[in-house]
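Student: Pasted the sequence and its predicted model underneath.
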Amino acid sequence: MPYYYTLGNIPHKRHTQFRKPDGGLYSEQLFSTEGFSNDYALLYHVHPPTRIIQTDEAIDVTPKIAEEKMLKHRSFEGFNIKPQNDFLKSRMPVLTNGDCTITLAAPKGGTENYFYKNADADEVIFVHEGSGSVFTQYGELPFSYGDYIVLPRGTIYQIKFTDENNRLFIVESHHPIRFPKKYLSKYGQLMEHSPYCERDIRPPQNLKTFDEPGDFIIKTKKQNQLYGIHYGHHPFDVVGWDGCCYPFIFSIHDFEPITGRVHQPPPVHETFETNAFVLCSFVPRLFDYHPQSIPAPYNHSNIDSDEVIYYVAGDFMSRKNVTRGMITLHPAGIPHGPHPGAVEKSIGAKETKELAVMVDTFRPLMLTQAALEIENPGYIMSWAE
Ligand SMILES: [Fe+2]
């Protein structure tokens, strides 16, 4: 999906002999998330990436569904999710369907003694609080507040945080995460009207090759089971790679808002898309400048998608009682719009400092037990006053 990139040493011609200093062959691996029919990368390993030496019993990590069907506006206090020491244990799925899972996490630590691979889904990790680095076979991805860390499914990674204060909003997608098609030229360049461009995409850097024998466990998630798969050498043994399928970072702070004389619809905030949902960024921006404009959004039917908003920072002008880390869920089937008083209040406002991430799913979401434990009761009635 991103542009062509390369790091380290690769042979002049793909699929040809590429030899180590001792005369042995490096192992070539083609990595893609859609078979041989879309973007891919070629990686060159010191050891074959296939040398499994042990497999552990699977651990079931299926989200515990508490409400499969419902038709009510809901809101949740995301920061009430309890911090946990371990990165994987800290991940609490709150909303899920067959296409994606929305997860909150407050990890105090990263993946200390293991590697992680999500074989089910691409991951977008939005960093609300915290900083650190993600380490992959492609190199390192340093991250901080506001970053979207995009990891294609199958990427083996480790994550390390600078300190214990971390808050993450994670979307796992069973469909490849893409740049919105409307932003792309026929040949894949982000066009002039796009709210971001290739310069804003941060690819991996600082590729290090670990040629280390031992017992390295990759906790691999497949169909909501976590398998411990042990390899006889360090998985980050890549000397070079190239291609268009690799993890990268895009910061929400690099999203350039599109504004107008009158209210612009949510698609102007679109950041990533899949076949099953879109992800949008609401960022600080100047409001509409028609002399009679109403900056607050109009009520809308949203009959074809469940709308999830994750509130990051600033005042969110159309809603009351919004806290940092709050999630609202407006399911398809009932219209929603600004809270009472918000429309009048918005008139004359010049700008907003709001920062939020929205996920609109085309199929209904189910609520997990973890979601009910952090729910604000009575949200559905908050338009009644
Ligand atoms: Fe909406």
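Tutor: Ah, there it is. Numbers count the residues shown, from 1 in each chain.
Student: where does residue 176 land in three-state SS?
Tutor: Of the three states, residue 176 takes coil under DSSP: H, G, I helix; E, B strand; the rest coil.
Student: Identify the residues contacting it.
Tutor: Neighbouring residues of residue 176 by CB atoms under 8 Å, 6 or more residues apart in numbering: 1, 33-34, 38, 122, 152-153, 274. To be clear about C-beta, it is placed using only N, CA and C from the backbone, and glycine gets the same treatment.
Student: State the phi and psi torsions of it.
Tutor: Residue 176 adopts backbone torsions of phi -60, psi 140, taken as degrees, to the nearest 10.
Student: Can you give me the neighbour number for residue 46?
Tutor: If you count neighbours by other CB atoms under 10 Å, residue 46 ends up with 19.
Student: Was I right to think residue 242 contacts residue 11?
Tutor: No. Using CB atoms under 8 Å, residue 242 is not in contact with residue 11, being 10.1 Å away.
Student: quick one: the lowest-mean-pLDDT helix or strand in the chain to chain centroid distance?
Tutor: Using mean pLDDT, DSSP states H and E, helix 342-346 stands out as the lowest-scoring helix or strand of the chain, at a mean of 91. Offset of helix 342-346 from its chain centre (CA atoms, centre = their mean, to the nearest Å): 32 Å.
Student: Pull out the buried residues from it.
Tutor: Residues of helix 342-346 classed as buried under the neighbour-count rule (16 or more other CB atoms under 10 Å) are 342-343, 346.
Student: Next: stretch 194-201.
Tutor: Those would be 194-196, 200-201, for stretch 194-201 by 16+ other CB under 10 Å.
Student: swap in stretch 84-93?
Tutor: Quick answer for stretch 84-93 (16+ other CB under 10 Å): 84, 87-88, 90-93.
Student: starting at the chain centroid, how far to stretch 359-379?
Tutor: Its chain's C-alpha centre and that of stretch 359-379 lie 18 Å apart, by CA atoms, centre = their mean.
Student: in the stretch 201-350 of the chain, which spans are strands?
Tutor: 201-202, 213-222, 225-233, 238-243, 248-251, 270-273, 277-282, 285-286, 306-313, 326-330 (DSSP state E, counting those that start in this stretch).
Student: Out of those, flag the one nearest residue 118.
Tutor: Proximity to residue 118 (CB to CB) singles out strand 213-222 among the strands of the stretch 201-350 of the chain, at 5.0 Å.
Student: for the nearest residue to residue 223 once chain neighbours are set aside, what are its contacts?
Tutor: Distances taken as CB to CB, 6 or more residues apart in numbering put residue 120 closest to residue 223, at 6.6 Å, once the chain neighbours are dropped. Applying CB under 8 Å, 6+ apart to residue 120 gives the contacts 153, 172, 174, 221-224.
Student: Apply the buried test to these and list what passes.
Tutor: 153, 172, 174, 221.
Student: of those residues, closest to residue 53?
Tutor: Using CB to CB, the buried ones among the contacts of residue 120 come closest to residue 53 at residue 221, 20.1 Å.
Student: Report whether the expected contact of that closest one with residue 61 is present.
Tutor: Yes. Look at residue 221 against residue 61 with CB under 8 Å: they come within range, at 6.7 Å.
Student: The stretch 1-150 of the chain: strands as residue ranges?
Tutor: Under DSSP E, counting those that start in this stretch, the stretch 1-150 of the chain gives strands at 5-8, 27-32, 40-45, 52-55, 59-60, 65-67, 74-77, 91-96, 100-105, 115-118, 122-129, 132-136, 139-143, 147-151.
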